[in-house]
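In: compute the structure for the input listed below.
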Amino acid sequence: MTRTIITGAAGRMGMRLIALTQDTPGLQLAGAVEVKGHPAIGKDAGEVSQIGRINIPITDDLQACLSQGDVVVDFTAPSSCLVNLQNIVNAAKSMVIGTTGFSEQELAKLKMLAAKIPCVFSPNMSVGINVLLSTVGIIARSLGEQYNIEVIEAHHNKKKDAPSGTALKLAEALAEGMEWDLQEVGVFARHGITGERKTREIGMQTIRAGDIVGDHTILLGGPGERIEITHRAHTRDTFAQGALRAAEWVANKPSGLYSMADVLGLS
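Out: Now for the predicted structure:
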């Protein structure tokens, strides 16, 4: 039985993680954590998650929980995640990180710390998205430079980072398949007279509206035809279930930074 601690426990993802952990054979909820001052502190994690009382109060003290758990699942914010990661490294526990929006400096720190423990880090825990990540580079390379590449993503109006971490990973996979550098070919905005589109270009389009859970489309437009590959997440449970699958997988792995591709046997 893998004892699991959920951080960001009162957030949209945290509540679903708590609910699904209770229904997942092989996992046991060992703790629920929120930031200091959050109104959910002290409340029962099950009641907050609307699944009924489970006698696990939400706390603001991750360190106090760590002795009771094997793996921490973190969907918080970059600054909170890095603090949590340091505490988990100090306690020599495992971690699954689904948090997005890291700066380059924060990402470098994450990679340095995460390598010291068994850690799965992925901007999108969806099984379907990770299968796409393993294949889109091959598709783009097979089509060649005659096919223009665009990545379009849509999320709810509360999402804080843009483009999404998933869209960036898809663009990186496409660029790698074409043997391009995304820093050189990525185009993140178009406005006004932009001139003719370059051949070596990956366009990134962002939509924020309503309660869209997460849509990602890769458009490859060539002479006389186009290919569109779309992944739509209908519920946050898609990401939560993937994260819990990663939690059970990583709990007994050697120290190192893993991806969902490792969890799914795609790497």
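In: show me the strands in the stretch 1-150 of the chain, by range?
Out: Here the stretch 1-150 of the chain has its strands, by DSSP state E, counting those that start in this stretch, at 2-7, 27-33, 58-59, 71-74, 94-97, 118-121, 148-155.
In: would you mind giving those as JSON lines with mean neighbour count, mean pLDDT and distance to residue 223 added?
Out: Every C-beta, even on glycine, is put in place using the N, C-alpha and C of the backbone. Listed next are these as JSON lines, based on neighbours: other C-beta atoms under 10 Å; pLDDT from 0 to 100; distance: least, C-beta to C-beta, whole Å:
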{"stretch": "strand 2-7", "mean neighbour count": "26", "mean pLDDT": "98", "distance to residue 223": "49"}
{"stretch": "strand 27-33", "mean neighbour count": "23", "mean pLDDT": "97", "distance to residue 223": "50"}
{"stretch": "strand 58-59", "mean neighbour count": "22", "mean pLDDT": "98", "distance to residue 223": "57"}
{"stretch": "strand 71-74", "mean neighbour count": "28", "mean pLDDT": "98", "distance to residue 223": "46"}
{"stretch": "strand 94-97", "mean neighbour count": "28", "mean pLDDT": "98", "distance to residue 223": "42"}
{"stretch": "strand 118-121", "mean neighbour count": "25", "mean pLDDT": "98", "distance to residue 223": "39"}
{"stretch": "strand 148-155", "mean neighbour count": "22", "mean pLDDT": "98", "distance to residue 223": "10"}
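In: out of those, which is closest to residue 166?
Out: Nearest to residue 166, of all the strands of the stretch 1-150 of the chain, is strand 148-155, at 6.9 Å by C-beta to C-beta.
In: name the next helix or strand following the closest one along the chain.
Out: helix 165-178 (DSSP states H and E).
In: that following helix packs against which elements?
Out: Applying 3 or more C-beta pairs under 8 Å, 6 or more residues apart in numbering; DSSP states H and E, one finds that helix 165-178 contacts helix 127-143, strand 148-155, helix 182-185, strand 202-208, strand 214-222.
In: turn the strands of the stretch 1-150 of the chain into CSV, columns for distance to residue 104.
Out: Converted to CSV, the strands of the stretch 1-150 of the chain look like this (distance: least, C-beta to C-beta, whole Å):
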stretch, distance to residue 104
strand 2-7, 23
strand 27-33, 27
strand 58-59, 32
strand 71-74, 20
strand 94-97, 16
strand 118-121, 15
strand 148-155, 19
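In: nothing else from me, thank you.
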